[in-house]
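predicted structure and sequence below. I'll ask about it afterward.
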Amino acid sequence: GENVEQHPSTLSVQEGDSAVIKCTYSDSASNYFPWYKQELGKRPQLIIDIRSNVGEKKDQRIAVTLNKTAKHFSLHITETQPEDSAVYFCAASRAGGTSYGKLTFGQGTILTVHP
Amino acid sequence: GAVVSQHPSWVICKSGTSVKIECRSLDFQATTMFWYRQFPKQSLMLMATSNEGSKATYEQGVEKDKFLINHASLTLSTLTVTSAHPEDSSFYICSASPGAGYEQYFGPGTRLTVT
């Protein structure tokens, strides 16, 4: 099955700095890579996603890059703000087919943005 | 749009009893629903995938006789934790997908505490 590795496990930055979180996946058939932000005791919130036919996607301060050859994808947050502090999870899935798009999550990154 | 609800949001039960958790898609029909378990400071682990009208598919290591899943309609899936033990205490989160596609929509989660 799919295996997703996420690094770093914790990340501390100053407000205004950039933050980068990296993930690798093992199943070359995976074709959908979402990133979630989860605050304590709450549901994961989708912040950005990318499909395998695209190398990069950007939404305001957030961007995701995908390298299919190397099987890794990264989340980039620029101009970080204290409200960006949360746990971030990457995930991978093989959308379509008999897998029904089940998600395999990375281990999570605790991001702390210091004012 | 794309709202998923869960009920109850938290529950405390005694060891040996059973607890039912409901997951509803409020504004779309969910062909597929997923159940995840999240222990404190850990990632989301997929327990099972359920498709409307058919038996759930359980992930390796998840006891199907202990975690009963029913997906009787396109808007409702239930997870019943039978003969609950303290080690079953966790945050249970469901997600729903309108098809074998990409994005999943997460419920708010249910905090189960077994005493």
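Arrived safely, thanks for sending.

all strands of chain A, in order?
Under the criterion DSSP state E, chain A carries strands at the ranges A:4-7, A:10-14, A:19-25, A:32-38, A:45-51, A:56-59, A:62-67, A:72-77, A:86-92, A:104-105, A:109-114.

could you dump these to TSV with mean neighbour count, mean pLDDT and distance to residue B:90?
(Each C-beta comes from the backbone N, C-alpha and C, glycine too.) Supplementary listing: the strands of chain A in TSV, determined by neighbours: other CB atoms under 10 Å in any protein chain shown; pLDDT from 0 to 100; distance: least, CB to CB, whole Å:
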stretch	mean neighbour count	mean pLDDT	distance to residue B:90
strand A:4-7	18	98	20
strand A:10-14	13	98	22
strand A:19-25	20	98	24
strand A:32-38	23	96	15
strand A:45-51	16	94	20
strand A:56-59	12	96	32
strand A:62-67	18	97	29
strand A:72-77	21	98	26
strand A:86-92	24	97	16
strand A:104-105	22	96	15
strand A:109-114	17	98	19
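
would you reformat those strands as CSV and include distance to residue B:17?
What follows is these, written out as CSV (distance: least, CB to CB, whole Å):
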stretch, distance to residue B:17
strand A:4-7, 35
strand A:10-14, 38
strand A:19-25, 39
strand A:32-38, 29
strand A:45-51, 32
strand A:56-59, 45
strand A:62-67, 44
strand A:72-77, 41
strand A:86-92, 31
strand A:104-105, 30
strand A:109-114, 34
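
chain A contacts on chain B?
Contacts of chain B with chain A, taken as CB under 8 Å from any CB of the partner chain, map to B:32, B:34, B:42-46, B:49, B:51, B:91, B:93, B:95, B:97, B:100-104, B:106-109, B:111.

including distance to chain B, could the strands of chain A go into TSV?
Conversion of the strands of chain A to TSV gives the following (distance: least, CB to the nearest CB, whole Å):
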stretch	distance to chain B
strand A:4-7	8
strand A:10-14	11
strand A:19-25	12
strand A:32-38	5
strand A:45-51	7
strand A:56-59	13
strand A:62-67	14
strand A:72-77	15
strand A:86-92	6
strand A:104-105	5
strand A:109-114	9
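
how many neighbours does residue 84 have?
Chain wasn't specified; assuming chain A. The criterion is other CB atoms under 10 Å in any protein chain shown. On that basis, residue A:84 has 19 neighbouring residues.

please go with chain B instead
A total of 22 residues lie near residue B:84 under the criterion other CB under 10 Å.

pretty sure it sits against residue B:21.
No - contact between residue B:84 and residue B:21 fails when scored by CB atoms under 8 Å: they sit 11.4 Å apart.

shared neighbours, those two?
When contacts are counted by CB atoms under 8 Å, 6 or more residues apart in numbering or on different chains, residue B:84 and residue B:21 are jointly contacted by residue B:112.

centroid-nearest residue for chain B?
residue B:35 (3.6 Å; CA atoms, centre = their mean).

and the helix or strand containing that one, which strands flank it?
Secondary-structure element containing residue B:35, defined by DSSP states H and E: strand B:32-38. Using DSSP bridges, the strands paired with strand B:32-38 in its sheet are strand B:45-51 (antiparallel), strand B:90-97 (antiparallel).

which residues sit against the longest one?
The contact list for strand B:90-97, computed with CB under 8 Å, 6+ apart, reads A:41, A:43-44, A:100-101, A:103, B:4, B:6, B:21, B:23, B:25, B:28, B:30-40, B:44, B:77, B:79, B:103-112.

now, of these, which are buried?
Among the contacts of strand B:90-97, the ones that count as buried by 16 or more other CB atoms under 10 Å in any protein chain shown are A:43-44, A:100-101, A:103, B:4, B:6, B:21, B:23, B:25, B:28, B:30-38, B:44, B:77, B:79, B:104-107, B:109-110, B:112.
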